[in-house]
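Enquirer: Here is the input, now give the coordinates:
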Amino acid sequence: MTAELKLGINVGYWQRDPEDQTETVLAAERCGYDSVFTAEAYGSDAFTPLAWYAARTSRIKLGTAVVQMSARTPAATAMHALTLDALSGGRVILGLGASGPQVVEGWYGQPFPKPLARTREYLDIVRQVWRREEPVTSEGPHYPLPYPGGAGLGKPLKSIVHPVRPEIPVYLGAEGPKNVALSTEVAQGWLPLFVDPEQIEPVFGASLANRPDGFEIAATVTTIVTDDLASALEFAKIPLAFYIGGMGAKDRNFHLDLIGRLGYAEQAQRVQELFLDGRRAEAIKAVPDDLADSISLLGPIGRIKERLQLWRDSPVSTVLIAGVKDEPTLRAIREMVDG
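Expert: Have a look, this model is predicted:
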């Protein structure tokens, strides 16, 4: 059980038109929310919107859920994080993830194999940059520094900027058992995407067994406050169908695997089949109601208050509210958590 459940918001990807969620972020800060997180996939990046919100806030923590490792070299990610951390007065949480082979190899043109080993090596370089103890080097094999070959003129360098904090908190986005276990070893927190609070111990207990004191679990939770529960369920199914069906290859989809471990393997397989067959409306309908409901906060405010207790009783330390944009609802949820 979490001693004190914190609240944050996850505003997700920046979309078009443009989608400026400054007012939502400001409302969350006024309501006492702990953090705001942004995301990236293969469109908008996570750091730019976060810098935009940082310039307009003063207290709320600024997290990425997640920055994709293959989008940037370790040094570039370290530079982004230390710059934003300095400009915001030390408010950054670097959420980092390996993504999947379709995006890594199809979008970034980088190799996907050995994501755990790459994560270890990546973080080692990032932290060398922040600590400035000596020029940064890495023996590789994934991110060797200096680069072997090439012009042959590379040399180890040390950041010319002194970070505000030599240890910026790092959370890992992870779904597989080994990756979740890695987060407890090399990071300060874990960013689960689809998680049922009642199944964290049965599904992830072994992976989390060695987590240190103070280890954070910040779970993104789709939240829809409405008297029309059926409508909320249909809306909550949309991202599930997309991730199960489209965010991964047919034979290698980490999201589908996770949903299977939650007890919905057969149903998830059907969702993927429908989605890949172009029958997306049917894929959405095929997502089980119980699955969508278990990982979300849906329905009237009274029902959400009852279901928040499930998160209080779980190891989750922060619930990242996703989908609520208005201040009255954000405040009502805040007051429920405060009791």
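Enquirer: among the helices and strands of this protein, which has the poorest mean pLDDT?
Expert: Here the helix or strand of the chain ranked lowest by mean pLDDT, DSSP states H and E is helix 254-259, holding a mean of 90.
Enquirer: check which helix or strand covers L7.
Expert: strand 6-12 (DSSP states H and E).
Enquirer: Adjacent strands (with direction) for that strand?
Expert: Sheet pairing of strand 6-12 (DSSP bridges) gives strand 35-38 (parallel), strand 318-322 (parallel).
Enquirer: returning to that earlier point: buried stuff in the following helix or strand past the least confident helix or strand of the chain?
Expert: Note on helix 254-259: by DSSP H and E, the next helix or strand toward the C-terminus is helix 265-276. Neighbour-count burial for helix 265-276, with 16 or more other CB atoms under 10 Å as criterion, is recorded at 267-268, 270-272, 274-275. (Each C-beta comes from the backbone N, C-alpha and C, glycine too.)
Enquirer: quick one: the nearest residue to E29 once chain neighbours are set aside and W107, what's the gap?
Expert: Leaving out its chain neighbours, the residue that sits closest to E29 by CB to CB, 6 or more residues apart in numbering is I60, at 4.4 Å. To W107, I60 is 30 Å away according to CB to CB, to the nearest Å.
Enquirer: got it, and Y143?
Expert: In terms of CB to CB, Y143 sits 19 Å off from W107.
Enquirer: Which of the two has more residues huddled nearby?
Expert: Neighbours per residue, other CB atoms under 10 Å: of Y143 and W107, the larger number sits with Y143, 18 against 15.
Enquirer: contacting residues around the more buried one?
Expert: Shown in contact with Y143 (CB atoms under 8 Å, 6 or more residues apart in numbering): 73-74, 118, 121-122, 125.
Enquirer: From the residues you listed, list the buried ones, please.
Expert: 74, 118, 121-122, 125.
Enquirer: how near is L308 to D326?
Expert: Distance from L308 to D326, counting by CB to CB: 18 Å.
Enquirer: Between the two, which is the more surrounded one?
Expert: L308 (20 against 12).
Enquirer: Please name the residues that touch the residue lying closest to T223 once chain neighbours are set aside.
Expert: Computed as CB to CB, 6+ apart, the closest residue to T223 that is not its neighbour in sequence is L297, at 4.3 Å. With contacts defined as CB under 8 Å, 6+ apart, L297 is in contact with 221-224, 304, 307-308, 319, 321.
Enquirer: follow-up on the earlier one: how far does the least confident helix or strand of the chain sit from its chain's centre?
Expert: 15 Å (CA atoms, centre = their mean, to the nearest Å).
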